[in-house]
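Chemist: Pasting the sequence and the predicted model now:
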Amino acid sequence: MRTPLILIFFSFLAFFSKSNAQDTSNNKSWRTLIVFFDGLRPDYITPAIMPNLHAFKQKGAYGNQHHSVFPTVTRVNSSSYSTGSYPEKHGLMGNTVYFPEVNRTKGLNTGDAENLNKINQASGGKLLTSVSIGEVLAKAGQKMMVFSSGSTGQALLQNHTLSGGAIINPDMILPAEIKESVIQQIGVVPGTKAERHRWVADALIHYGFANDGPLVNAIWFSDPDGNAHEHGIGSPEAMASIKEVDKQFGRIINTLTSLGKINNFNILISTDHGFVTYIGKENLTEFLVKQGLKESAESEDVIVSEGAIYVKDHKEEKIRQIVSILQRQTWIGGIFTKASSKDPLKGFVDGTLSFESIHWAHPERAADILVDKNWNDDKNAFGYAGSSYSKGVAGHGSLSPYEVHIPFIVSGPAFKRSFTSKLPTSNVDIVPTVLNLHGLQIPASMNGRVVTELMKGGHAVPKFHKEEISVQASSLEGTYSQTLYRTVSEKYQYVDKVKVSREPSQTMGIKK
């Protein structure tokens, strides 16, 4: 009988890891499972909505000051978690990114792996400009498998070089040689979202929990994000999708338990971002065209890629004009530019904060201006707080606490039980922590830290304090102010939120 190709593939990797592995941990039987629920707000985790995750949280360690990476969008955070670094290091600047080498007139949707492959080719193999967990594991003779029910781009960015493992996604199975075997063993890819969640959970259980399976497994469920975008936070459709992914999580934990392996796995659970209700009416590109600051929607003089604005030839006068008019609009939140020569945390344009203050100062890929949408604490029809002046039904991407502050749950032989920490953590801390658990060296490119406060043994942790950075700009129409709230130590800085205010002059009002 013919041996399925995927078994040959993993048998080879298993042999390679056994023959080259070092003594990488105090317990050689430890393995890691990383779980992401896309768009998971902390207030979803209740006994009624997510009974399985809630029960898991009660028994494990919980970081209640966990942070999404700004911009608080999916592919920024899949890149940030996989590389343990911020956009300033890894170079994936948004869900939509501008690479003129690929397209001179508009940004590229990073949800499509084909666009990521184009970027990789145009950049000489530098899709991401920092080292990922897959590369570190491969160098150590270990492997990683990624299971994802979401976009192909999000899946690929978790191990973008495909080093030491495989990716199983309903729309993309890599390496391509194993696709036929995966379909034979897991089944034909189903059509509905709920069925796709179950399909990737089946794949994780089949391959990830095998005795010779990968040292690190990662599974990413694309809900509740998908249904919340379409139907809104708290809608029946969004709630049903949350319960479905919680059900699949319960299957995963029950399977590990029944196999007698639950005490061998350290499990780390988070999300890419929170969620807010959208109440906006303005589109940034259309606004700039209407104001005469961009020639047309397709013109090359000013390129808008989500909130990133690229000005041709980096003309300082045009940058200042754009910033000035945006500061007067109530739907605009924080505005960021390149650093001032006098203060690295403040932008060179009056009233702006610097890219450095939000970990966005990539030397080649940062835009000339980064614009956030304004937000408030208003509740939607279902009682969920947090609203943003973006267009649409609901979403994420801004620096509101509802999008930045997200859950972080860990459990396993390395972690404390029934413990809650108030120290700040971030998605960039996940991979450094995983590498530490397995005794692997953390690359210098990684910004994140090992979350020792959640581990058994009472490890020393950094001392943190709160910090506020305020800037303002005045015009004939009034004053625009913004304040960046951070939690910082000597070495680490976590961005909590940005809040803006506008005070009209006595003679003129702020434009809406």
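Modeler: That came through, no problem.
Chemist: Next up, the contacts around the most centrally placed residue in the chain.
Modeler: Centroid-nearest residue in the chain: residue 77, 1.6 Å away (criterion: Cα atoms, centre = their mean). Contacts for residue 77 (Cβ atoms under 8 Å, 6 or more residues apart in numbering) come out as 68-69, 272-273, 427. Every C-beta, even on glycine, is put in place using the N, C-alpha and C of the backbone.
Chemist: Which of the helices or strands spans it?
Modeler: Counting by DSSP states H and E, the element that carries residue 77 is helix 74-83.
Chemist: Let's see that helix as CSV, backbone CA atoms only.
Modeler: The C-alpha trace of helix 74-83 is given here as CSV (Å, rounded to 0.1, in the frame of the first residue of the first chain):
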residue,chain,number,x,y,z
THR,A,74,-5.1,41.0,11.3
ARG,A,75,-2.0,40.8,9.1
VAL,A,76,-0.1,43.3,11.2
ASN,A,77,-0.7,41.1,14.2
SER,A,78,-0.1,37.7,12.5
SER,A,79,3.3,39.1,11.4
SER,A,80,4.0,40.7,14.8
TYR,A,81,3.2,37.5,16.7
SER,A,82,5.2,35.2,14.3
THR,A,83,8.3,37.5,14.4
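Chemist: what comes up buried for the longest helix along the chain?
Modeler: Longest helix in the chain, counting residues (DSSP state H): helix 236-258. Within helix 236-258, the residues that count as buried by 16 or more other Cβ atoms under 10 Å are 237-239, 241-253, 255-256.
Chemist: Poorly predicted segments of the stretch 351-500 of the chain, please.
Modeler: Along the stretch 351-500 of the chain, segments meeting pLDDT under 70 span 458.
Chemist: Which residue ranges of it form helices?
Modeler: Secondary structure of the stretch 351-500 of the chain (DSSP state H, counting those that start in this stretch): helices located at 401-404, 430-437.
Chemist: Let's have these in TSV, adding mean neighbour count and distance to residue 40.
Modeler: Shown next, in TSV, are the helices of the stretch 351-500 of the chain (neighbours: other Cβ atoms under 10 Å; distance: least, Cβ to Cβ, whole Å):
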stretch	mean neighbour count	distance to residue 40
helix 401-404	24	12
helix 430-437	24	14
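Chemist: and these as JSON lines, adding distance to residue 55?
Modeler: JSON lines is the format used below for the helices of the stretch 351-500 of the chain (distance: least, Cβ to Cβ, whole Å):
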{"stretch": "helix 401-404", "distance to residue 55": "25"}
{"stretch": "helix 430-437", "distance to residue 55": "22"}
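Chemist: list the contacts for the residue nearest to residue 67 when sequence neighbours are not counted?
Modeler: Spatial nearest neighbour of residue 67, chain neighbours left out: residue 426 (4.2 Å); criterion: Cβ to Cβ, 6 or more residues apart in numbering. Contacts for residue 426 (Cβ under 8 Å, 6+ apart) come out as 66-69, 80, 448, 494.
Chemist: Would you check how far apart residue 426 and residue 42 are?
Modeler: Applying Cβ to Cβ, to the nearest Å, the value for residue 426 to residue 42 is 15 Å.
Chemist: next one: residue 122
Modeler: For residue 122, the distance to residue 42 - Cβ to Cβ - is 39 Å.
Chemist: mind listing the strands for the stretch 1-150 of the chain?
Modeler: 31-37, 61-63, 66-67, 96-97, 108-109, 144-148 (DSSP state E, counting those that start in this stretch).
Chemist: Which elements pack onto the fifth one?
Modeler: Based on contacts counted as 3 or more Cβ pairs under 8 Å, 6 or more residues apart in numbering; DSSP states H and E, the elements that strand 108-109 packs against are strand 96-97, helix 113-122.
Chemist: Would you mind finding the most buried of these?
Modeler: Highest mean neighbour count among the helices and strands packed on strand 108-109 (mean count of other Cβ atoms under 10 Å): strand 96-97, with a mean of 22.
Chemist: just checking, what packs against that strand?
Modeler: strand 108-109.
Chemist: avg pLDDT for the strand it packs on?
Modeler: Strand 108-109 carries an average pLDDT of 98.
Chemist: to the chain's geometric centre, what's the distance from it?
Modeler: A distance of 16 Å separates the centroid of the chain from that of strand 108-109, by Cα atoms, centre = their mean, to the nearest Å.
Chemist: who does that strand pair up with?
Modeler: With DSSP bridges as the test, strand 108-109 is paired with strand 96-97 (antiparallel).
Chemist: how far does the partner strand sit from the chain's center?
Modeler: For strand 96-97, the distance to the chain centre is 14 Å (Cα atoms, centre = their mean).
Chemist: what's that strand in contact with?
Modeler: By Cβ under 8 Å, 6+ apart, strand 96-97 touches 107-110, 119, 305-306, 308, 365.
Chemist: could you redo the last one with a cut-off of 10 Å?
Modeler: For strand 96-97, the surrounding residues in contact (Cβ atoms under 10 Å, 6 or more residues apart in numbering) are 73, 75-76, 87, 91, 106-111, 115-116, 119, 304-308, 365, 367.
Chemist: Now, of those, which are buried?
Modeler: By 16+ other Cβ under 10 Å, the contacts of strand 96-97 give 73, 75-76, 87, 91, 106-108, 110-111, 115-116, 119, 304-308, 365, 367 as buried.
Chemist: Excluding covalently adjacent residues, which one is nearest to residue 504?
Modeler: Nearest non-adjacent residue to residue 504, counting by Cβ to Cβ, 6+ apart: residue 478, 4.1 Å away.
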